[in-house]
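1. heads up, no residue letters with this:
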C-alpha cells in the first residue's frame, strides 16, 4: 500500500505547495489527482517518486519510506575516534551501496566553521546530506544549506538533535524537514510537557541542580545515566561486591522515564551495550515528529 501521512512541502521562497496531504492507495486502485495549475500536483508526484522530499509528513510503500532512487550522499564527520566510528558504522549500514557516497569530508573540533565542507558536498552533486557532527557544527550546517538554497535530504546525528539548542540556534524555520533519530525525550519539545518521565526529570533538576539548564540534553543524558546506576544498585541489594555489581550491570531489562516509549535498557552476559534502540524523527517547525517503528540493533533482534 502507498501511504501518504500529512505530507507538506514549503519551498525556500515561502511558497506552500502542499499542506498536510494524506491518502492510502492500495494495490490495484486508481487515483486521479485533479486541481488547477500550481495546486501542488507535480510536487505531490515528485514526493511519491522520491525525486523531492517533503518538508514534513511521510511517504511509504508497504511501510517502507520512499527515498531518492539515485541517492548521492555527502557526509561530514569529526576527525577523531568518535567521528571515524560514526563513519564506519554508516558505511557498514550501507553495505554494497557505499558507492553512493560522493563526498566524504572531515572537520577538526578547532575549525571555526564547516561551511567549506558543506559547499563541497553540494558541489559534488549530493542530494542526501549526512551531518554527523556535534551541535555547534550541525547548526552551522543547517544555516549554510539554507544559504546555498540547497535542498538535500538532510540528516543530523541524535547527539545534535536538541530542538532547544541546535535547531533553535540554526533557526526553526530553516530546520523544517531535517531527519534524525533518538532514544530519549527532548525536554525542550512541547509534546513532552505533560509527560511523567520529563516531569520527574524537571523535579530532579529543581532539587539537585537548580542553576542547570533543564533543556540541555547533556543534563538529560547525565540524569538517565544516574537512573541506570540506581537500577543496578537496586538489583545488587546488600551484595555490593564487584562481582555482583558486574553481574547485575549485565542483567538489565527495564525502562527509563526520560527515554522514548517502547525503548528499553537491556544487557546480557555477552551484550554490554545498554542502548540499542532508536526511532526516526522529522523536525516539523518547533518539535520533532516521530515516524516508523522503534529500530533495534540488539544481537537477537
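-> Structure's in. What do you need? Remember, predicted model here, so these are calculated numbers, not experimental data.

2. From now on I want contacts and neighbour counts done on CA atoms only, so please keep to that.
-> Will do.

3. Give the buried residues for the helix or strand residue 87 falls within.
-> Residue 87 is located in helix 81-94, with elements delineated by DSSP states H and E. Neighbour counts over helix 81-94 (16 or more other C-alpha atoms under 10 Å) mark 83, 86-87 as buried.

4. Pick the one among the residues you listed closest to residue 139.
-> residue 83 (17.0 Å; C-alpha to C-alpha).

5. Quick check: phi and psi at the residue lying closest to residue 31 once chain neighbours are set aside.
-> Using C-alpha to C-alpha, 6 or more residues apart in numbering and skipping the chain neighbours, the partner closest in space to residue 31 is residue 25 (7.6 Å). Dihedral pair for residue 25: phi -120, psi 120, per degrees, to the nearest 10.

6. Number of residues surrounding residue 25?
-> Applying other C-alpha atoms under 10 Å, we find 13 residues neighbouring residue 25.

7. Kindly state the beta-bridge partners for it.
-> Counting by DSSP bridges, residue 25 is bridged to residue 2.

8. Residue 9 too?
-> Taking DSSP bridges as the rule, residue 9 bridges to residue 18.

9. Report whether the expected contact of it with residue 47 is present.
-> No: if you go by C-alpha atoms under 8 Å, residue 9 and residue 47 don't touch, sitting 9.1 Å apart.

10. Who has more neighbours out of those two?
-> Using other C-alpha under 10 Å, the more surrounded residue of residue 9 and residue 47 is residue 9, with 25 against 21.

11. Contact partners for residue 244?
-> Contacts for residue 244 (C-alpha atoms under 8 Å, 6 or more residues apart in numbering) come out as residue 236.

12. Now do it, the pLDDT please.
-> Per-residue confidence (pLDDT) for residue 244: 97.

13. In a helix, it, correct?
-> Yes: judged by DSSP: H, G, I helix; E, B strand; the rest coil, residue 244 forms part of a helix.

14. ok, back up a step: give me the common contacts of residue 9 and residue 47.
-> When C-alpha under 8 Å, 6+ apart defines a contact, the residues bordering residue 9 and residue 47 alike are 53-54.

15. What is the least confident helix or strand in this protein?
-> Here the helix or strand of the chain ranked lowest by mean pLDDT, DSSP states H and E is strand 64-65, holding a mean of 72.

16. which residues sit against it?
-> Contacts of strand 64-65 from elsewhere in the structure, counted by C-alpha under 8 Å, 6+ apart, are 58-59.
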